[in-house]
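In: Build me a model from this:
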Amino acid sequence: MPHYHQLGQIPHKRHTQFRKPDGGLYSEQLFSTEGFSSHSSLLYHCHPPTEIVKVDEPYSVAPKVAEEKMLKHRSFQGFNIQPEDDFLKSRKAVLVNSDLHIVLAAPRKSMETYFYKNADADEMIFVHEGSGVLRTQYGQLEFGYGDYLVIPRGTIYQISFATENNRLFIVESFSPLRYPKRYLSKYGQLLEHSPYCERDIRQPKNLETIDQEGDFVINAKKKGVIYPLHYKHHPFDVIGWDGCEYPFAFSIHDFEPITGRVHQPPPVHQTFEGNNFVVCSFCPRLFDYHPLAIPAPYNHSNIDSDEVLYYVDGDFMSRKHVTRGMITLHPAGIPHGPHPGAVEKSIGAKETKELAVMVDTFHPLQITEAALGIEDEGYVMSWAE
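Out: Down below sits the predicted model:
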């Protein structure tokens, strides 16, 4: 999805001899998430990236589904997910289907004793609280509050956090995460009507070539199972790379809202898309400016999509009792809309300071045991207040 980028040293031509100062060959690796038919990058390692020296016993991290079918509005208090020291143990899948997993995490500690690779899914990590550095074979990405970190499947990474107070909203996508097609020219440039452009996309920098021999553990996830793989050489031994497949960062604060005289539909907030789902960003913006406009969203029927809203910050004119980290799930099949009294209250308002991430799925979501542990069970009756 990102545009061509290069860091470090690379040979003049692809698939040709590229030698080290001592005369040995660097090891070339093609990295692509859709075979040979889409974006890719070429990485040049000091050592072959295949040197596994030991394999530990695998273990399951598959989410435990509590409810496969349901038809009622639900709400979950995301900040009730308890912090844990370890990054992988802190990840709790709360809503899942065959297209994506929605995960909450509150890790206290940086990843120092192992590396992680999600071999199943692209990851979109939204940083609600915390800051630090994402380290990969491609270089480093500094991140902070409001950043989306988009990490292609198969990327080996470590995260270093600046403090122990971290809250993450994660989408694991089993298809490539992309810019919405309508934002792109036929040759891939973000168009003028897009709510962000290439200048807003932060690419990896500070490529660090770590040429070390030892015992380096990569916890690779495949089909809900973690496989601890021990490698002979440090995975970040890349001397250079180029291409169009790499992790990147985008701040929700750089999303430019699209507004109109009357209320605009949710697709104007779209930020990313995968197969059978979209991700939207609700950002501070001016309200509709028709003299008779109703800024509050109209009631709408979810006939073919489940709507998940993750509340980040600010005041929400459409609903009372919103808390930071709260998740609402409005499933396909029944309408939903503003909280009682919100429509009248919104008339005459000039702007909103709300900040939220929305995920709309076109296949039903299933609720996990972790989600039931943080559910607000009275939410479904809140329209009767």
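In: ok, the nearest residue to Ala293 once chain neighbours are set aside - contacts?
Out: With sequence-adjacent residues excluded and distances taken as C-beta to C-beta, 6 or more residues apart in numbering, Ala293 is closest to Val262, at 5.5 Å. (Each C-beta comes from the backbone N, C-alpha and C, glycine too.) Neighbour list for Val262: Asp288, His290, Ala293 [criterion: C-beta atoms under 8 Å, 6 or more residues apart in numbering].
In: pretty sure the last one contacts Arg261?
Out: Yes. Ala293 sits in contact with Arg261 when judged by C-beta atoms under 8 Å, with a separation of 6.8 Å.
In: Neighbours of the closest residue to Cys197 other than its chain neighbours, how many?
Out: Spatial nearest neighbour of Cys197, excluding adjacent residues (C-beta to C-beta, 6+ apart): Leu190 at 4.9 Å. By other C-beta atoms under 10 Å, 19 other residues sit near Leu190.
In: who has more neighbours, Ala293 and Arg261?
Out: Ala293 (17 against 11).
In: The more buried one in helix, strand or coil?
Out: coil (DSSP: H, G, I helix; E, B strand; the rest coil).
In: Look up the pLDDT of it for me, please.
Out: Here, the pLDDT recorded for Ala293 equals 88.
In: So it versus Pro284, what's the distance?
Out: From Ala293 across to Pro284, the span is 18 Å (C-beta to C-beta, to the nearest Å).
In: again, but for Leu292
Out: The spacing between Leu292 and Pro284, counted by C-beta to C-beta, is 23 Å.
In: Could you do Asn165 as well?
Out: From Asn165 to Pro284 the distance is 23 Å (C-beta to C-beta).
In: Might you report the residue contacts of the residue nearest to Glu34 when sequence neighbours are not counted?
Out: The shortest distance from Glu34 to any non-neighbouring residue, by C-beta to C-beta, 6+ apart, is to Pro176 (6.3 Å). By C-beta under 8 Å, 6+ apart, the contact list for Pro176 reads Met1, Thr33, Glu34, Ser38, Asp122, Pro152, Gly274.
In: Strands - which of these land there?
Out: Counted as lying in strands by DSSP state E, out of these, are Asp122, Gly274.
In: Could you pick out the buried ones from the contacts of Pro176?
Out: Buried members of those, counted by 16 or more other C-beta atoms under 10 Å: Met1, Thr33, Asp122, Pro152, Gly274.
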